[in-house]
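>>> this one's structure only:
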């Protein structure tokens, strides 16, 4: 069992086990709406972003947007061949090696079908494997006879990992922790926080293909401050140079200082860290150069605004065994809740 007594494994499992590949987040959206606490209003926009609003008790005119993305990487069917094998294209960023020899689920208009992505037998792998295995070499096998497969599956059906969340000591592991762990933090903060300012809790879509949901949301919602919650790379494991680790499991929530899409507002960063220190919440500074975050989509859409981001270290990113430490997740809940509870409408603009 996980060591953190406040961690709600069942809630996170409900979020991660709901399939939600890019552009097809419907089942995750249902979970989010079911698990939201009492709020003043909830709406879903044309892209599928869910926005739950809590009106501030003392300073309702100052608005904070907190966002976490619902979508996960997936695949989309591009062809069903005469032998019943499915060819696929990516929905989001894939390391094809993480897919070989793994069970998957094919989602059709009529239901879900278990399937596998094959791998060459070890006995002949050296002789028959392509020098560089890509998604073009991935063929999904469903077990159906060719004629039935061609009647059942169609171009445009989507595919996700078949991987349920499991506990590993203090950690949890499964697919879609990027960013259902962030959505978990969003829901828990919405339940626990009692802000003086107005807060919009947003579960966004299509982050994995260019922050599209957040960018559209930034036009519809015009907050005074925007914060994103997302997984960040955790590479403190064998085979990776320590200088490339970026974050470390168990060292606390990441307070972002840079990624490929954003440099958060210094004043927001400083307040996150001061709140963490005052409340004795474990945190680590995060600088990454090879990932993006909804914060980048929110910072300039509709005009310049101050932004910040909190990150949850996730090891084995974009795989079926993404792994996070429950203590880091709960540290993110604690820091976001404390931040919102103490937000008084400060001006974070540079001097």
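Done, it's in. Bear in mind the structure is a predicted one, so any value in this text is a computation, not a measurement.
>>> element containing the residue most central in space within the chain?
Closest to where the C-alpha atoms of the chain average out (Cα atoms, centre = their mean) is residue 179, at 1.4 Å. In this structure, residue 179 sits in helix 177-192 according to DSSP states H and E.
>>> Which strands or helices does that helix pack on?
helix 9-16, helix 26-35, strand 59-69, strand 197-204, strand 225-234, strand 307-315, strand 322-325, helix 326-342 (3 or more Cβ pairs under 8 Å, 6 or more residues apart in numbering; DSSP states H and E). Heads up, the C-betas are built off the backbone N, CA and C, glycines and all.
>>> The nearest residue to residue 17 once chain neighbours are set aside: how many residues sit nearby?
Spatial nearest neighbour of residue 17, excluding adjacent residues (Cβ to Cβ, 6 or more residues apart in numbering): residue 164 at 5.5 Å. Neighbour count of residue 164, defined by other Cβ atoms under 10 Å: 12.
>>> one step back: I'd assumed residue 228 was in contact with the residue nearest to the centre of the chain.
No. Between residue 179 and residue 228 there is no contact under Cβ atoms under 8 Å: 9.2 Å.
>>> Now list whatever residues contact both of the two.
Counting by Cβ atoms under 8 Å, 6 or more residues apart in numbering, the shared contacts of residue 179 and residue 228 are residue 68.
>>> thinking again about what came up before, wait, the residue nearest to residue 17 sits on residue 174?
Yes. Here residue 164 reaches residue 174: they are 6.1 Å apart, a contact under Cβ under 8 Å.
>>> Return every residue with contacts to both of those two.
Between them, residue 164 and residue 174 share these contacting residues under Cβ under 8 Å, 6+ apart: 13, 16-17.
>>> Serialize the residues you listed to JSON lines and add fields for pLDDT and neighbour count.
Formatted as JSON lines, the shared contacts of residue 164 and residue 174 follow (pLDDT from 0 to 100; neighbours: other Cβ atoms under 10 Å):
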{"residue": "13", "pLDDT": "96", "neighbour count": "18"}
{"residue": "16", "pLDDT": "96", "neighbour count": "27"}
{"residue": "17", "pLDDT": "95", "neighbour count": "17"}
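>>> residue boundaries of the strands in the stretch 51-200 of the chain?
Ranges of strands in the stretch 51-200 of the chain, per DSSP state E, counting those that start in this stretch, are 59-69, 74-80, 86-91, 103-108, 111-117, 139-141, 158-161, 166-168, 171-174, 197-204.
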